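Novice: Provide a 3D model corresponding to the input given below.
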Amino acid sequence: MCAKKTEEKTIAVNKKARFNYYVTDSLECGIELKGTEVKSMKAGMFSFSDSYAKIEKEELWLVGFHISLYTFGNIHNHEPDRNRKLLVHRQEIKRLKRKIVEKGLTLIPLRFYLINGLVKVEIGICKGKKIHDKREVIKNRDLKRESEREFKLH
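Specialist: Below is the predicted model:
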């Protein structure tokens with residue numbers, strides 16, 4: 001029997017999330033999408049800069065996620081700013097809920113990608129960084145860039 005080859009294509013990465021948060025763990029989720037939402041996602045017509053996930057009534061929801069209207073859609077086009085259900089096993093939701101409640105963590109989308117034509121999202125279990133932590137990251141990045149520049153010159 002031949003094993004099915006999984007093809008993964010990244011659509012978008014949330015670079016701000018790694019800057020603003022410490023990512024302690026991540027989880028792959030499916031997204032419940034309507035017809036034209038899938039086409040807009042594959043075309044890269046979406047924004048998730050202020051989005052986050054929350055647990056409500058034992059279900060995981062993606063809030064603040066904007067998918068632009070599909071240009072070739074008709075009257076059956078989707079609502080751009082609705083909350084979208086994330087598809088996760090019930091045990092995973094219980095585990096996430098325990099972590100969020102006891103440690104005060106946040107669920108942030110880190111990246112969106114396609115696996116065999118299905119849209120998936122990687123949700124990060126994150127803790128917010130303080131301002132001085134962000135300054136330290138910027139300082140280290142600048143020092144690294146400067147040292148690489150010096151190394152190239154010599």
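Novice: Any idea what Gly128 is bridged to?
Specialist: Beta bridges link Gly128 to Tyr21, judged by DSSP bridges.
Novice: I'd say it and Ala17 touch.
Specialist: No. Under the criterion of C-beta atoms under 8 Å, Gly128 makes no contact with Ala17, lying 10.7 Å away. Where C-beta positions appear, they are placed from N, C-alpha and C, glycine not excepted.
Novice: who has more neighbours, the two?
Specialist: Higher neighbour count among Gly128 and Ala17: Ala17, with 20 against 12, using other C-beta atoms under 10 Å.
Novice: and the one helix or strand the more buried one maps to, how far from the chain's centre?
Specialist: Using DSSP states H and E, Ala17 sits within helix 15-20. Remark: helix 15-20 is offset 11 Å from the chain centroid, using C-alpha atoms, centre = their mean, to the nearest Å.
Novice: Over to stretch 10-30?
Specialist: 5 Å.
Novice: can you list the residues that contact it?
Specialist: Residues from elsewhere that reach stretch 10-30 (C-beta atoms under 8 Å, 6 or more residues apart in numbering): 41-42, 44, 46, 48-49, 60, 86-88, 92, 96, 99, 105-106, 108-114, 118-129, 134, 137.
Novice: Let's see which of those end up in helices.
Specialist: Per DSSP state H, helices hold the following members of the contacts of stretch 10-30: Met41, Lys42, Glu92, Leu96, Lys99, Lys134, Val137.
Novice: hmm, back to that, tell me the buried residues within the contacts of stretch 10-30.
Specialist: 41, 46, 48, 60, 86, 88, 96, 105-106, 108-114, 119-126, 129 (16 or more other C-beta atoms under 10 Å).
Novice: one step back: in strands, which of the contacts of stretch 10-30 fall?
Specialist: Members of these lying in strands (criterion: DSSP state E): 46, 60, 86-87, 106, 108-114, 118-128.
Novice: mind listing what the spatially most central residue of the chain touches?
Specialist: Nearest to the mean C-alpha position of the chain, counting by C-alpha atoms, centre = their mean, stands Pro109 at 2.2 Å. Pro109 makes contact with Asn14, Ala17, Phe48, Ser51, Tyr52, Ala53, Leu62, Phe65, Val121, Glu122, Ile123, Gly124 under the criterion C-beta under 8 Å, 6+ apart.
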